[in-house]
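S.K.: Give me coordinates for this.
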Amino acid sequence: MKTILLTILTISWVLPSAGLAQESFDRLKQKFQQGQVLEAEMSHVFTDAYTGETMRSEGNIWLGENRYKIEVDDQVIVVEGDVSRVYNKGQNKVIISNYIPEDDDFAPSRFLAGDDHTYDIEEDDRSGPADIRLRLRSTDPFDVFTRVEIHLTDELIPVRVTATDQTDNQFTTEFYEAEFITPDEDTFAFPHPDDASLIDLRQ
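M.R.: Have a look, this model is predicted:
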């Protein structure tokens with residue numbers, strides 16, 4: 001999985017809009033900090049900058065602060081805190097490993113509810129009556145993603161996250177039927193068969 005994008009406008013445009021963009025982004029992150037979880041159907045597309053080839057996956061996502069769950073046809077992924085659990089259905093195998101946020105190439109988990117301290121928000125541009133577009137640029141030369149674009153509704157519901165990495169590969173995640181919910185004990189459950197083989201890579 002991978003993800004996001006960015007653009008620079010003239011200073012006269014960026015400076016007045018930067019405050020609005022930061023306010024929108026802060027309000028979005030506050031929802032996660034208050035314990036809400038984004039529940040949605042999703043489509044995730046990786047586009048290789050060199051070959052132009054694309055890889056697509058579709059499924060369901062639950063995204064909270066410092067945790068997320070993804071269910072697609074061949075996998076279930078649950079990340080909570082510093083632990084990642086992946087169930088590969090075709091191999092009937094569970095892989096448990098240490099979760100390192102810096103190595104996560106799934107952009108929504110990093111930019112909607114995660115750590116954004118090395119990114120500057122450059123604008124809050126309304127491309128439609130219910131569309132807030134946030135554009136971010138990395139200030140760290142070692143960041144995986146250099147540019148990020150986040151589309152939100154006026155109710156701060158994420159619609160799309162697009163990310164561009166250092167080699168110009170692009171990762172786009174779109175959300176459908178999205179809403180913020182109050183999670184219960186089953187929201188981040190990790191469904192897998194009892195007979196699945198287990199590989200624990202934690203140290």
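S.K.: Neighbours of residue 190, how many?
M.R.: Applying other CB atoms under 10 Å, we find 14 other residues in the vicinity of residue 190. All C-beta atoms are positioned from the backbone trio N, CA, C, and that covers glycine.
S.K.: before we move on, what about the one 10 residues further on?
M.R.: Here the number of neighbours of residue 200 (other CB under 10 Å) works out to 10.
S.K.: Can you report how many residues neighbour residue 85?
M.R.: Per other CB under 10 Å, the neighbour tally for residue 85 reads 19.
S.K.: element containing it, please.
M.R.: Per DSSP states H and E, residue 85 falls inside strand 83-88.
S.K.: helix or strand right after that strand?
M.R.: Using DSSP H and E, the next helix or strand after strand 83-88 towards the C-terminus is strand 93-98.
S.K.: so that following strand versus strand 83-88, what angle?
M.R.: Interaxial angle of strand 93-98 relative to strand 83-88 (axes from the mean of the first three to the mean of the last three CA atoms, to 10 degrees): 160 degrees.
S.K.: helices and strands around strand 93-98, which ones?
M.R.: strand 83-88, strand 197-200 (3 or more CB pairs under 8 Å, 6 or more residues apart in numbering; DSSP states H and E).
S.K.: for those, which one ends up most surrounded?
M.R.: strand 83-88 (a mean of 18; mean count of other CB atoms under 10 Å).
S.K.: What pairs with that one, parallel or antiparallel?
M.R.: Strand pairing for strand 83-88, determined by DSSP bridges: strand 75-80 (antiparallel), strand 93-98 (antiparallel).
S.K.: buried sites along the helix or strand just after the last one?
M.R.: Read in the C-terminal direction, the helix or strand following strand 93-98 is helix 107-111, with elements assigned using DSSP H and E. If you call a residue buried by 16 or more other CB atoms under 10 Å, then helix 107-111 has these buried ones: 107-111.
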